[in-house]
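> My questions concern the predicted model and sequence given below.
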Amino acid sequence: MTQNTHYPYINSKEKNMTTAKDLTDQLINRAKNLKEFVVEREFDDIPFNGVVKFDIQHTVGKKARIFVPALTQLEAEQMVDEWFEEMDE
């Protein structure tokens, strides 16, 4: 049997394709497992030149507390960093 190099999943026992059911299951699993994480950032003013994606608690002179739904603290911090990068554009 010749190995199919264009579609390797055809010859493998475990397919690399993702079905609509798999995508739906992943989405539901993610939604069920989201938690709220607090990300703290220092800044003078919250940039409001775009969509505010998260709940924010900010007192002048203190770190802002940004409440982010995510699976992990690291993911929450990355989401906040990406949001602030979008605001700078």
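Noted; the coordinates are in hand. Numbers count the residues shown, from 1 in each chain.

> tell me which residues of the longest helix seen in the chain are tucked away?
Using DSSP state H, we find that the single longest helix of the chain is helix 73-88. Buried residues in helix 73-88, defined by neighbour count with 16 or more other C-beta atoms under 10 Å: 76-77, 79-80, 83. (Each C-beta comes from the backbone N, C-alpha and C, glycine too.)

> Next: stretch 51-68.
For stretch 51-68, a neighbour-count test (16+ other C-beta under 10 Å) marks 64, 66, 68 as buried.

> Nearest to residue 27 among those residues?
residue 68 (18.2 Å; C-beta to C-beta).

> What's the separation between that closest one and residue 21?
29 Å (C-beta to C-beta, to the nearest Å).

> just to revisit the earlier point, who touches the longest helix of the chain?
37, 39, 41, 47, 49-50, 53-54, 66, 68-70 (C-beta atoms under 8 Å, 6 or more residues apart in numbering).

> Likewise for stretch 30-48?
With contacts defined as C-beta under 8 Å, 6+ apart, stretch 30-48 is touched by 52, 56, 58, 60, 63-73, 76-77, 80, 84, 87-88.

> mean confidence score for that stretch?
Stretch 30-48 shows a mean pLDDT of 85.
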